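Participant: Have a look at this prediction, sequence included:
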Amino acid sequence: MSIEVAPLGPDDGRHALEIRSLSMAADVPDFPPPCEKGFFAGLVDPWPGIHLVRALARLDGEPAGYLELRLPYLDNTGTADLTLDVTPAARRRGVGRALLAHAEEVSRADGRKHLIGESVFALPGGPARPSDGHAFARARGADLALTDVRRRLDVSSLDHAALDALVDTSWPHASGYSLVRWSGTTPEEHAADQAYLEGRLMSDAPTGDLAVEGMKIDTARLREFEAARERRGRRTYTTAARHDASGKLVAITAIELNDAPDWHAFQQITLVDSDHRGHRLGALVKVENLRAVLAAEPALRAIDTWNASVNAHMVAINEAIGFRPVDEWHSWQIAL
């Protein structure tokens, strides 16, 4: 048995996509397959502020594993993030270890101090999940640094009366605020406020023991992210709460769909500025944004979101909307 790890070649993109598809189908079978447009766009167009290293592993000459290593260079310059996919047929045969060793070598050479990756894990009473990722991380001696729970909203089971009640009971607490909505690129008059709020994500969201810091986001970087999303074919719907006295956006949420399929979406960030909490703004922007998305995307059937298990306030809002737990996602950290 021989394992060869080499940089992803110009003709290896289809192999990489197939490996990722097989890996995801085994680990999270309720997920849609990877979006081809987004995947191939990402091969030539990294996200802003990220240097990407990719490698393909061959087992006895056949493509069996794929590595994406993300090296931030504008912030979090001491960490590296990886996604490591191995086909189910090739697991527990050294392919993952070879790719991880390559990732560690590259990360150390780039001056990184920590390497971070994820695995999925079954919840008690939830759908079965392979234990491969958990066992792999434990065998390497990685530390479990953060646990998130993925929740899914089944659009067909939405309780619209409950949503109406949630909105009706929230507005009396939100006197002095109004909502604004848009799809795609942020209107110029709101760009600076959105950049500020998005820059607060890593500071405000629970990060456990992960060695991460907040991202430095200004309007220019926000525009770079938006352009990169558009090149990947992604559709984004945003609702924000505006503080009427100051005119500033103080809460924001977004739902994003890949180019394909049209039945699945991701609930992205929901942030409320710390000076404006206690006014039910998180619930209001999430419900109204959901309604806007459902009106614009009639084929949508499922929306996934993740919350740290300690983020009780946001979990409560998601549960009230109708999101239900599916599985755990573990963030593992290796000290290099």
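Facilitator: Looks like it arrived, so ask away.
Participant: what secondary structure does the residue positioned nearest the centre of the chain sit in?
Facilitator: Nearest residue to the geometric centre of the chain (C-alpha atoms, centre = their mean): Gln268, 7.3 Å. Put simply, Gln268 is strand when judged by DSSP: H, G, I helix; E, B strand; the rest coil.
Participant: How much space separates it from Leu300?
Facilitator: For Gln268, the distance to Leu300 (C-beta to C-beta, to the nearest Å) stands at 15 Å. Heads up, the C-betas are built off the backbone N, CA and C, glycines and all.
Participant: same check, this time on Gly176
Facilitator: From Gly176 across to Leu300, the span is 32 Å (C-beta to C-beta).
Participant: Out of those two, name the residue with the larger neighbour count.
Facilitator: Under the neighbour definition other C-beta atoms under 10 Å, Gly176 and Leu300 were set side by side, and Leu300 has more, 19 against 11.
Participant: Wasn't that one part of a strand?
Facilitator: No. Leu300: not assigned to a strand; according to three-state DSSP it is coil.
Participant: What are the buried residues along stretch 87-94?
Facilitator: For stretch 87-94, the neighbour count (16 or more other C-beta atoms under 10 Å) marks 87, 90-91, 93-94 as buried.
Participant: hang on, I meant stretch 65-76
Facilitator: By neighbour count with 16+ other C-beta under 10 Å, stretch 65-76 contains the buried residues 65-72, 75-76.
Participant: Kindly report the same for stretch 229-248.
Facilitator: 229, 232, 234-243, 248.
Participant: Columns secondary structure, distance to Arg280 and pLDDT on top of those residues, output as JSON lines?
Facilitator: Below are the buried residues of stretch 229-248 laid out as JSON lines (DSSP: H, G, I helix; E, B strand; the rest coil; distance: C-beta to C-beta, whole Å; pLDDT from 0 to 100):
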{"residue": "Arg229", "secondary structure": "helix", "distance to Arg280": "29", "pLDDT": "96"}
{"residue": "Arg232", "secondary structure": "coil", "distance to Arg280": "33", "pLDDT": "96"}
{"residue": "Arg234", "secondary structure": "coil", "distance to Arg280": "29", "pLDDT": "97"}
{"residue": "Arg235", "secondary structure": "strand", "distance to Arg280": "27", "pLDDT": "98"}
{"residue": "Thr236", "secondary structure": "strand", "distance to Arg280": "24", "pLDDT": "98"}
{"residue": "Tyr237", "secondary structure": "strand", "distance to Arg280": "20", "pLDDT": "98"}
{"residue": "Thr238", "secondary structure": "strand", "distance to Arg280": "19", "pLDDT": "98"}
{"residue": "Thr239", "secondary structure": "strand", "distance to Arg280": "14", "pLDDT": "98"}
{"residue": "Ala240", "secondary structure": "strand", "distance to Arg280": "15", "pLDDT": "98"}
{"residue": "Ala241", "secondary structure": "strand", "distance to Arg280": "10", "pLDDT": "98"}
{"residue": "Arg242", "secondary structure": "strand", "distance to Arg280": "15", "pLDDT": "98"}
{"residue": "His243", "secondary structure": "strand", "distance to Arg280": "14", "pLDDT": "98"}
{"residue": "Lys248", "secondary structure": "strand", "distance to Arg280": "18", "pLDDT": "97"}
